[in-house]
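Peer 1: dropping a prediction and its sequence here:
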Amino acid sequence: MSVRVLQVYRTYYPDTRGGIEEVMRQIALAVRPQGVETTLFTLSPRPRPAVLERPEGRVVRARSWAAPASCDLGGVAALRQFARLAAQADLIHLHFPWPFADVLLAAVRPRAPVVVTYHSDVVRQQLLARFYAPLMWRTFARARAVVATSPPYAATSAVLQDERVRDKVRVIPLGMDEASLAQGDEGILDRLGLRPEEPFALFVGGLRYYKGLETLLEAARGLPGRVVIAGEGPEGATLRARAEALGLENVVFAGRVSDAEKAALLRACRLVVLPSPLRSEAFGMVLVEGAMCGKPLVSCEIGTGTTFVNVAGETGLVAPPGNAAALHAALARLLRDEGLAQRLGQGARRRYEEIFSGEALGAAYAALYAEVVRPRQDVGREGRP
């Protein structure tokens, strides 16, 4: 069955590189063999060209005029573009949270059914969340399904456990197609001064408040190896200053890396670390990338998908959130013990193959799309003369 899906989120490649952007890309790639055609609608501070053709689908961009509290806001042109695209779609797939998407849905009132992937509770902007709640619940009332990305998040989110939405919740773990990992640019290793004989821990992601990077810097002191931090973001300057103040000669800030450079770092590292201490880190796609590459994982127990991906003692090690000493101990153990790292890395790879592969992701979302769209298509057929 051919289905036209419109995915909607506030930002996308090439403007930004983050977890939700990668989730959107992976879903679009995974469902394409199932006959699903994807268009991705997003905002951009520089939407020229307005339409981009990418392997995962067509990307349509409207202008982002402001981004208060990380909420990109569009104008009349964005409303018009969304209305045009929604009219052409069989299904609209929103990625939550993005309040402007709720505004678009309420203003345009498209006929196509709606699916929401629930990436995270609103954690930091609690005051704004109170004003936003009526609009959020209006969207959830409209949605045919609300997808949680892991069983722990579905069980621990107050929103997803609310009686107004609980019966609509489905769990579809995020995943990644192995073929989407780029060929590695090994030159990044020389550029960063990384030597084969010196193991290193790798962090990849946005340098943001909820990533736990200050704790990672504290944990890096005295480690028997390096810590590579790849990514950029609003906390970058503060983190570099903190590393200098701590005299951390074993911490390397790689900055923004290309897909090929990231692939080389993932394949060369001893382990992947995601020290996020807050529920804003709902899943952690980099953990899936590490597992796909057969690397042991280190994360924190925060009641979200991070410890659904990383099972303590099976795929890696888990530390209490914000505990630099415990994080240091976990990192040091894997940096020192290559045999343990290999065993846990093999476990991570097995879990990837069983749960987080591109095939599993594509099958689950294609089935959900078909289930949601079929009643509308059946009605359309019955209504024809």
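Peer 2: Okay, I see it. Numbers count the residues shown, from 1 in each chain.

Peer 1: what is the burial count for the residue nearest to Arg351 when sequence neighbours are not counted?
Peer 2: Leaving aside its sequence neighbours, Arg351 sits nearest to Thr315 (CB to CB, 6 or more residues apart in numbering; 5.4 Å). C-beta coordinates here come from the backbone N, C-alpha and C atoms, glycine included. Thr315 is flanked by 26 other residues according to other CB atoms under 10 Å.

Peer 1: i'd like the first residue to be 24 from this point on
Peer 2: I'll keep to 24 as the first residue from here, and by that count the last item is Thr338.

Peer 1: buried sites along stretch 26-39?
Peer 2: 26-36, 38-39 (16 or more other CB atoms under 10 Å).

Peer 1: same deal with stretch 174-186?
Peer 2: Result for stretch 174-186 [16+ other CB under 10 Å]: buried residues Pro175, Tyr176, Ala177, Thr179, Ser180, Val182, Leu183.

Peer 1: also stretch 355-372?
Peer 2: Ala355, Arg356, Leu357, Leu358, Ala364, Leu367, Gly368, Gly370, Ala371, Arg372.

Peer 1: how about the buried residues of stretch 174-186 in a markdown table, adding secondary structure?
Peer 2: As requested, those are exported to a markdown table (DSSP: H, G, I helix; E, B strand; the rest coil):
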| residue | secondary structure |
| --- | --- |
| Pro175 | helix |
| Tyr176 | helix |
| Ala177 | helix |
| Thr179 | helix |
| Ser180 | coil |
| Val182 | coil |
| Leu183 | coil |
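
Peer 1: return the member of those residues nearest to Gly254.
Peer 2: Tyr176 (22.8 Å; CB to CB).

Peer 1: contact partners for the closest one?
Peer 2: Tyr141, Leu183, Ala305, Phe306, Gly326, Thr327, Gly328, Phe331 (CB atoms under 8 Å, 6 or more residues apart in numbering).

Peer 1: tell me how far the last one lies from Pro196.
Peer 2: Right, the one you point to is Phe331. Going from Phe331 to Pro196 by CB to CB, to the nearest Å gives 7 Å.

Peer 1: and Glu361, by the same measure?
Peer 2: 29 Å.

Peer 1: strands of the chain, start to end?
Peer 2: With strands called from DSSP state E, the chain shows them at 26-31, 59-67, 74-77, 80-86, 114-119, 137-141, 168-171, 192-194, 223-227, 249-253, 274-278, 294-297, 320-323, 339-342.

Peer 1: name every strand pairing with the longest one and say which way it goes.
Peer 2: Based on DSSP bridges, the strands next to strand 59-67 in the sheet, each with its direction, are strand 26-31 (parallel), strand 80-86 (parallel).

Peer 1: tabulate those (CSV), appending distance to Ala156 and mean pLDDT.
Peer 2: Formatted as CSV, those follow (distance: least, CB to CB, whole Å; pLDDT from 0 to 100):
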stretch, distance to Ala156, mean pLDDT
strand 26-31, 20, 98
strand 80-86, 26, 98
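
Peer 1: and the ones you listed: which comes nearest Gly207?
Peer 2: strand 80-86 (25.4 Å).

Peer 1: shaky segments in the stretch 224-373 of the chain?
Peer 2: Judged against pLDDT under 70, the stretch 224-373 of the chain has no low-scoring part.
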